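Student: Prediction below, plus the sequence it came from.
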Amino acid sequence: MKRMSPRHHGMQRILLLAAAGAIAYFIGFVSTRPAPAQQPERFDMKVREDFFAGFSGDAERLARGMKTCEQVLAANSKDPYALVWHGGGLMVEAGQAFQAGDQQKGMDLWTRGLKEMQTAVDLEPDNPGVRIPRGAVLLASSRFLPSPEMGRPLVTDGVADYEHTYEVQKPYFETLGTHPRGELLFGLAEGYSRLGDQSKAQLYFEKIKTDLPNTAYAKRADAWLTTKTLAANQTGCVGCHVSK
């Protein structure tokens with residue numbers, strides 16, 4: 001993946017939307033899957049609220065979420081969940097450094113964040129709990145690179161994360177809630193549109209209309225199918241959560 005500096009303006013906002021998408025997806029996913037007896041608490045359940053607050057600008061909560069990840073990584077440097085969430089946190093810190101004018105620090109954090117998330121995916125390629133957080137951050141943050149071409153490698157990897165997750169979840173995808181299904185299908189449709197693959201984009205937008213009628217996702221699908229484009233305010237998470 002080619003490393004590029006993000007734009008200064010809007011970095012925290014776009015990473016907030018990425019976090020919202022990832023968190024919202026898992027809330028919907030978990031609500032539809034039975035929990036085995038005595039299953040340990042999932043890692044994202046331990047850190048997501050701290051990270052969400054941190055992405056919203058709460059430095060103390062972000063530091064707490066990062067510390068939780070670092071404690072896990074100190075014991076096991078190959079923990080995929082800690083790596084993917086910590087990598088997302090580094091991306092936020094990179095945006096803050098760029099905004100403060102520290103280009104070198106920003107670039108170092110940006111590169112580390114991408115590397116940690118890639119390592120997590122390499123370790124657990126079939127795990128939605130790894131692929132969705134990475135994909136959400138990549139798809140969202142790619143919008144704030146200096147040009148579409150610079151963002152293209154991030155969009156490509158983000159779409160691949162969502163596509164692989166969709167393949168893994170196909171046996172039970174229809175049992176998931178409206179929000180997780182909508183976020184995944186919309187991410188695929190809009191991602192393929194940005195990559196210039198209009199046939200795949202149309203396939204997923206039409207699937208949204210068929211499978212999720214009378215929803216905000218279907219309205220966005222209608223808009224794209226009519227104009228082959230979407231306004232910027234129609235590309236974020238639908239019904240994003242707020243930090244507690």
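Tutor: Nice, I can see it.
Student: Tell me which residue is most central in the chain.
Tutor: Compute the mean C-alpha point of the chain, and by CA atoms, centre = their mean the closest residue is Ala136, 1.3 Å away.
Student: how near is Glu124 to Asp161?
Tutor: Distance, Glu124 to Asp161, using CB to CB, to the nearest Å: 12 Å. Bear in mind the C-beta positions are built from the backbone N, C-alpha and C, glycine included.
Student: Between those two, which is the more surrounded one?
Tutor: Applying other CB atoms under 10 Å to Glu124 and Asp161 shows that Asp161 carries more neighbours, namely 26 against 18.
Student: Next up, the contacts around the more buried one.
Tutor: Residues in contact with Asp161 (CB atoms under 8 Å, 6 or more residues apart in numbering) are 121, 131-132, 134-135, 138.
Student: Could you verify my assumption that the residue nearest to the centre of the chain touches Gly158?
Tutor: Yes - counting by CB atoms under 8 Å, Gly158 is a contact partner of Ala136 at 7.5 Å.
Student: burial of Gly96, as a residue count?
Tutor: Just to correct that, residue 96 is Gln rather than Gly. Other residues near Gln96 come to 18 when the count uses other CB under 10 Å.
Student: make that Thr165, sorry
Tutor: Count around Thr165 with other CB under 10 Å applied: 25.
Student: which secondary element of this structure has the worst mean pLDDT?
Tutor: helix 11-31 (a mean of 51; mean pLDDT, DSSP states H and E).
Student: So which elements touch the helix or strand harbouring Leu184?
Tutor: For Leu184, the host element (DSSP states H and E) is helix 178-194. The contact analysis (3 or more CB pairs under 8 Å, 6 or more residues apart in numbering; DSSP states H and E) places helix 178-194 against helix 11-31, helix 128-141, helix 148-169, helix 198-211, helix 216-227.
Student: who wins for proximity to His179 among those?
Tutor: Closest to His179 of the helices and strands packed on helix 178-194, according to CB to CB: helix 11-31, at 4.3 Å.
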